[in-house]
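**Student:** Sequence and predicted structure are below.
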Amino acid sequence: MRLTRNKEWFWLLLICLATVIAYGNSFRVPFIYDDAGQIVESAFIKNPAFLPKLFTSEYYQLSPKRYRPVTVAAYFVQYAFWRLNLWGYHLFKLILHLVNLLLLYYYLRMLRTGKIVALLGAAFFALHPAHTETITCVSFLDDPLMFFWFMLSVISVTRAVRLAAHQWSWYIASIIFYLLALASKELALILPLWIALQFGIDRFPSSSRKVGFWAGYIALTIFWIFIRFFWMEKSGWLMSSGGVGISRPQLIITTYLHYLRVAFFPINLCLDYVYPLPGGVFAVSGILLIPIALIGSIIVIASSAKSRFLLLGWGWFILAL
């Protein structure tokens with residue numbers, strides 16, 4: 001089935017309309033969860049004079065939020081416009097979600113998936129109920145904002161390796177967008193891995209085989225890990241949970257396995273996240289789930305000869321989980 005340009009835009013507009021209808025009821029939701037501490041009662045974002053403190057070690061003395069300066073800067077701007085008018089905050093979140101689905105659609109078309117597959121992917125992303133929390137809660141801006149910069153970065157680097165002209169301009173733009181994504185949420189650290197997966201499936205275009213191509217992403221990744229965990233937070237690889245000192249990498253692995261379990265066995269779900277304390281990589285959940293993930297990966301890789309997008313989708317699931 002071939003779609004004309006007019007039909008393509010019609011279906012894309014229909015997806016946008018369905019998204020507005022699906023999340024339209026978010027405008028009736030009051031300030032909830034972390035909104036009180038980060039928006040309503042925050043003296044930090046209400047004073048523009050504090051904006052430069054986002055880039056100094058005084059940040060944690062003034063704001064309890066994790067060091068995500070781009071996200072917090074967005075709160076400054078929004079409060080300047082909306083004050084405590086909920087309608088404005090919800091409108092911004094909905095518009096950002098719509099922009100993200102359009103960016104994703106454009107990215108999928110760049111990967112030459114075909115119009116129907118790209119439309120289905122955009123619709124699945126736009127209407128999936130997993131986004132309900134991030135769109136409904138005003139203070140959960142970091143995820144959609146990070147995804148916005150993330151998409152701009154991967155789109156820019158894809159154009160950089162495909163275009164003979166302006167390659168460096170697109171590459172530099174990708175690096176800048178990667179920095180903004182990191183400063184929105186740390187999950188953006190998976191971006192270099194995603195780029196490697198995307199180009200690896202395409203057998204690495206010639207420009208992506210050079211050491212200099214990856215140097216910018218590696219250097220920026222190391223820089224942000226140092227800034228985020230060692231210079232600003234000064235916690236390094238150690239952190240505290242419930243008064244117990246634990247290793248951050250160990251907690252990440254344990255939490256990842258916890259999410260993997262929920263993904264494959266969605267039982268005993270709850271609204272609030274419960275982060276398990278580390279019980280070791282080879283805890284019972286790890287022993288059961290790591291083989292499942294490995295077997296699933298082998299099956300997907302074996303099938304990817306027929307559909308490389310299957311491997312891309314599985315890679316995104318594993319990386320972003």
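**Tutor:** Good, I have the coordinates.

**Student:** mind checking pLDDT for residue 254?
**Tutor:** At residue 254, the model reports a pLDDT of 73.

**Student:** next one: the one 4 residues further on
**Tutor:** The predicted local distance difference test score for residue 258 is 73.

**Student:** so where does residue 175 fall, helix or strand?
**Tutor:** Using DSSP states H and E, residue 175 maps to helix 167-182.

**Student:** hmm, who's touching the next helix-or-strand element following that helix?
**Tutor:** Downstream of helix 167-182, the next assigned helix or strand under DSSP H and E is helix 191-201. Residues outside helix 191-201 that contact it (Cβ atoms under 8 Å, 6 or more residues apart in numbering): 111, 150, 153-154, 157-158, 161, 178, 181, 205, 208, 214, 217-218, 221, 304, 308, 311-312, 315-316, 319. C-betas here are computed from N, CA, C, even on glycine.

**Student:** Now do the helices in the protein.
**Tutor:** Taking DSSP state H, the helices of the chain run over residues 5-23, 35, 59-62, 69-82, 86-110, 115-127, 132-136, 142-162, 167-182, 191-201, 211-225, 248-264, 284-303, 308-320.

**Student:** Of those helices, which shows the lowest average pLDDT?
**Tutor:** Going by mean pLDDT, the lowest-scoring of the helices of the chain is helix 284-303, which has a mean of 61.

**Student:** hang on, isn't residue 144 packed against residue 134?
**Tutor:** Yes - between residue 144 and residue 134 there is a contact under Cβ atoms under 8 Å: 5.8 Å.

**Student:** okay, and the common contacts of the two?
**Tutor:** residue 93.

**Student:** More neighbours: which of the two?
**Tutor:** More crowded of residue 144 and residue 134, by other Cβ atoms under 10 Å: residue 144, with 21 against 18.

**Student:** Distance check, that one against residue 183.
**Tutor:** Separation of residue 144 from residue 183 (Cβ to Cβ, to the nearest Å) stands at 15 Å.

**Student:** again with residue 229
**Tutor:** Following Cβ to Cβ, the distance that separates residue 229 from residue 183 is 14 Å.

**Student:** When these two are compared, which one has more neighbours?
**Tutor:** residue 183 (24 against 18).

**Student:** Would you show me how to pick out the buried ones of the contacts of helix 191-201 in PyMOL?
**Tutor:** Remark: buried members of those, expressed as a PyMOL selection using 16 or more other Cβ atoms under 10 Å:
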select buried, resi 111+150+153+154+157+158+161+178+181+208+217+221+304+308+311+312+315
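
**Student:** hmm, back to that, just so I know, which of the helices of the chain lies nearest residue 29?
**Tutor:** Of all these, it is helix 132-136 that lies closest to residue 29, at 5.1 Å by Cβ to Cβ.

**Student:** Buried ones in that closest one, by neighbour count?
**Tutor:** In terms of neighbour count (16+ other Cβ under 10 Å), helix 132-136 has its buried residues at 134, 135, 136.

**Student:** same deal with stretch 22-31?
**Tutor:** Buried residues in stretch 22-31 (16+ other Cβ under 10 Å): 22, 23, 26, 31.

**Student:** Pick the one among the residues you listed closest to residue 92.
**Tutor:** Taking the buried residues of stretch 22-31 together and measuring to residue 92 by Cβ to Cβ, the closest member is residue 26, at 11.4 Å.

**Student:** now the residue nearest to the closest one when sequence neighbours are not counted: how far from residue 156?
**Tutor:** Of all residues not flanking residue 26 in the chain, residue 136 sits nearest, at 4.7 Å (Cβ to Cβ, 6 or more residues apart in numbering). According to Cβ to Cβ, residue 136 and residue 156 sit 30 Å apart.

**Student:** Check residue 66 too.
**Tutor:** 26 Å.

**Student:** Kindly report the same for residue 42.
**Tutor:** 33 Å.

**Student:** So which of these two has more stuff around it?
**Tutor:** Just comparing residue 42 and residue 156: by other Cβ under 10 Å the higher neighbour count belongs to residue 42, 22 against 19.

**Student:** my read: that one touches residue 63, true?
**Tutor:** Yes - with contacts counted by Cβ under 8 Å, residue 42 reaches residue 63, the gap being 7.2 Å.

**Student:** would CSV of the helices of the chain with distance to residue 47 be doable?
**Tutor:** Formatted as CSV, the helices of the chain follow (distance: least, Cβ to Cβ, whole Å):
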stretch, distance to residue 47
helix 5-23, 31
helix 35, 18
helix 59-62, 9
helix 69-82, 9
helix 86-110, 18
helix 115-127, 36
helix 132-136, 26
helix 142-162, 21
helix 167-182, 23
helix 191-201, 33
helix 211-225, 27
helix 248-264, 32
helix 284-303, 45
helix 308-320, 35
